[in-house]
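Student: need coordinates for the following:
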Amino acid sequence: MEPATTDLSVALVEHTNFAVSDRAGDMLPGTYHGFFVADTRFLSRLVLRLNGRQLEPLASGGGDHHGAGTFYLASPKLPGLPAAAMTIFRDRTLSTHLEERIRLISYAQEPIAVDVSLDLDADFADIFEVRGRRRLRRRIAVHRRRRAVRFTYEHRGYRRATTIALDRPATQVDGRLTFRARLQHGRPWDLQVRVEPELTHRRGVAPPQTPPRIEPATVRAWAAHTPGIETSDGRLTRAWRRGIRDLASLLLTGPADRFIPAAGLPWFIAVFGRDSAITAMQTLLLGPDIPHGTLRQLGVYQGTTDDPWREEEPGKIPHEVRTGELATLGRIPFGRYYGSVDSTPLYLMLFAAACRWSRPPGNRRAQPPSAALTELLPHAEAALGWIERRVDPDGLLWYAPKRRGGIVNQVWKDSRDSMRYADGSIGEPPIAAVEVQGYVVAARRGMADVYDSLDRNEEAAAQRAAADALAAAIEDGFWMPAEGTYALALDGSRRQIDAIASNAGHLLWTESVRLDRAAAVAERLLAPDMFTGWGIRTLSTRNPGYNPIGYHVGAVWPHDTSLIAHGFALAGQHAAAQRVIDGLLDAVDARPDARLPELFAGFDRVATPDLVPYPTACAPQAWATGAIFLSVRTLLRIPVDERDKRWRDLAVIGATEGSWDAAEPAAVAGARR
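Tutor: Below you'll find the model as predicted:
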């Protein structure tokens, strides 16, 4: 399990850089706190004290200011002074560096003097170490001056350094910096702290992989031009506005000079093929920048060779791309790791969707892809080639890790215990996951449409035939008539991994199963053992392996629920879709920040009326944020006279469902059209 991310911690993010602290703004040693750049912790301790005493947190104001926040604190009881005789403000800002202004204001009637101290340290831990995966021993040099402290570290030619500059001279004892503050009533006393990270390498050493760049001005310009929403549902208005802010905070730029969403704060500020592709499809309504950017960025990382260490294969789309020390030096394979079976068909689904949405509004005739997408056709065909080589004679796509220590379950439910039989026992690879087969059906049909638009009719027919054959294989191999839904997966002996799980709903999203069975699937997923009232559980409460706070065995993931709701609408199950979306919006309303987290506990809403957070959930998180935008698209697909009265006036201003006004996205470095 990742380190906890509860209300007791505060995270600020400015694209790939982020800072995690407690509610007082302190970064405590021995925890997951710190200032992180390029998957490396450049500041592991930043502790503020008055006369050696801990301060009392009052509030923190970083919720709406992703790259900046303020911590509001009160002084403790000190000799001769009552508690709260002083107010302390810690104004923290992130960009390529971290800056903090510490301001003290005394409300004592007489002048007072206090010792303001800072404890500082930098351990240069890789993010995988912070997450508890492994630990290296490092020799870190420390150079101290009255107005600065510098930490340096070198390993195999790769250098990292942290310089902390202060605007006042300090007295240093045992590594603690102390400043004597003389305060007059109501007059502020300030201390400026600036933390500068440095990543360099010796001459002759291959440079580390360049992390995604930070383009805050361009992201702000993107956010300013996103569509707006009109609705009488206040929950949806708040969620939309929050979603735009959160998505903007997660947009990275990289080698292709385009946007791609990072997976989530704090532990997954990185490129993840599956997460980015799904988020891009969820946010089609916001315009072409994210879908086109995601296709370009993932194309840069697409596999070109066979490398079992990274599980790389030609045409395969990566699972994860990291730039920390362990990845850079090859201690772990995550510099570019390809251990997911679904990223590649999802890439093709996104490509086909981008082609469809690039057509002029109202034009449903197949047209060739735009110039921007035509450039990406070789990447799409390489991805299709990977699928062609990997499927079995029935068209099924299987996964099994190629290396010891790789991800075992190479699907979105990638925890070790996610693949459950009905008796609660755990399935082992090789596995053919049901939702992956749906992705392949949709990918093939999407490419058939692309080939039709290019007058490559034989290839289009071949892809449709392969998709239809696979759809038939899904019906034959996965359907469970007694349960009225589809099995979670098949194991290596083609026995059904027969737990009741949310995965079957993805088959409706991909329109890969029979419509006459869609109603049964909707009914099954809305049964009390699956639907909590807030969302759809990952695993039925009837399964012996169920755990309401189990990552993939009972918790609710908003992105999963949103894909299923969209599938309900596509299958004509409009009432079911609206019921599920209403639950998600109630979950938004249950949170003071109007934000859907990565996941939350699967407790029944009637028995447990509070929305219970999952302790390590990312927030913001890309595909949880995308769930709001996809939910709006889902509602727009439903005829107005079939919508709940709260959504009959729903309109999106500045966007057209199913098409983009401009087929060419803006380059990150250029002006927006």
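Student: where does the stretch 301-450 of the chain dip in pLDDT?
Tutor: 361-366 (pLDDT under 70).
Student: following the helix or strand containing Q172, which helix or strand comes up?
Tutor: Using DSSP states H and E, Q172 sits in strand 171-173. Next helix or strand after strand 171-173 toward the C-terminus (DSSP H and E): strand 176-183.
Student: tell me the contacts of A352?
Tutor: 442-443, 445-447, 449-450 (CB atoms under 8 Å, 6 or more residues apart in numbering). Backbone N, C-alpha and C define where each C-beta goes, glycine included.
Student: identify all contacting residues around the strand holding Q172.
Tutor: With contact meaning CB under 8 Å, 6+ apart, strand 171-173 is reached by 144, 146, 177-180.
Student: which secondary structure state is assigned to the nearest residue to D589 once chain neighbours are set aside?
Tutor: The shortest distance from D589 to any non-neighbouring residue, by CB to CB, 6 or more residues apart in numbering, is to R235 (4.8 Å). Put simply, R235 is helix when judged by DSSP: H, G, I helix; E, B strand; the rest coil.
Student: how many other residues sit next to R235?
Tutor: Neighbours of R235 under the rule other CB atoms under 10 Å: 19.
Student: next one: the one 4 residues further on
Tutor: Using other CB under 10 Å, A239 is surrounded by 28 other residues.
Student: kindly report the same for P207.
Tutor: Neighbours around P207, by other CB under 10 Å: 10.
Student: could I get the full set of strands for the stretch 401-550 of the chain?
Tutor: Read by DSSP state E, counting those that start in this stretch, the stretch 401-550 of the chain holds these strands, from start to end of the chain: 432-433, 479-480, 485-486, 489-490, 496-497.
Student: could those strands be laid out in JSON lines, adding mean neighbour count?
Tutor: Below are these laid out as JSON lines (neighbours: other CB atoms under 10 Å):
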{"stretch": "strand 432-433", "mean neighbour count": "28"}
{"stretch": "strand 479-480", "mean neighbour count": "18"}
{"stretch": "strand 485-486", "mean neighbour count": "30"}
{"stretch": "strand 489-490", "mean neighbour count": "28"}
{"stretch": "strand 496-497", "mean neighbour count": "22"}
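Student: how about the ones you listed in a markdown table, adding distance to D167?
Tutor: Shown next, in a markdown table, are the strands of the stretch 401-550 of the chain (distance: least, CB to CB, whole Å):
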| stretch | distance to D167 |
| --- | --- |
| strand 432-433 | 56 |
| strand 479-480 | 68 |
| strand 485-486 | 63 |
| strand 489-490 | 59 |
| strand 496-497 | 61 |
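Student: out of those strands, flag the one nearest T634.
Tutor: Among the strands of the stretch 401-550 of the chain, the nearest to T634 by CB to CB is strand 485-486 (20.3 Å).
Student: dump the residue contacts of the spatially most central residue of the chain.
Tutor: By CA atoms, centre = their mean, the mean C-alpha position of the chain lies nearest to A263, the distance being 2.3 Å. Each residue near A263 by CB under 8 Å, 6+ apart is listed here: 250, 269-270, 272, 275-276, 618, 621-623.
Student: if you rank these by neighbours, which is first?
Tutor: Within these, S276 tops the neighbour count with 34 neighbours, counted by other CB under 10 Å.
Student: how close does it sit to W222?
Tutor: With the distance defined as CB to CB, to the nearest Å, S276 ends up 16 Å from W222.
Student: ok, A471 next?
Tutor: A471 is 38 Å from W222, where distance means CB to CB.
Student: isn't M86 right up against I105?
Tutor: Yes: look at M86 against I105 with CB atoms under 8 Å: they come within range, at 6.4 Å.
Student: which of those two has more neighbours?
Tutor: More crowded of M86 and I105, by other CB under 10 Å: M86, with 23 against 16.
Student: Provide the partner residues of the more buried one in its beta bridges.
Tutor: Judged by DSSP bridges, the bridge partners of M86 are S106.
Student: let's have the chain start at 19 instead
Tutor: Let's use 19 as the start, then, which means that last one is M104.
Student: ok, and the helix or strand in the chain with the lowest average confidence?
Tutor: None of the helices or strands of the chain scores lower by mean pLDDT, DSSP states H and E than strand 27-32, at a mean of 81.
Student: adjacent strands (with direction) for it?
Tutor: Note on strand 27-32: by DSSP bridges, its sheet partners are strand 35-40 (antiparallel).
Student: contacts for the following helix or strand past the partner strand, please.
Tutor: For strand 35-40, the following helix or strand on the C-terminal side (DSSP H and E) is strand 52-55. With contacts defined as CB under 8 Å, 6+ apart, strand 52-55 is touched by 34-38, 45, 59-62, 64, 112, 114, 116, 143, 145, 148, 213, 215, 217, 229, 284, 287.
Student: all strands of the stretch 569-691 of the chain, in order?
Tutor: For the stretch 569-691 of the chain, strands defined by DSSP E, counting those that start in this stretch occupy the ranges 669-671.
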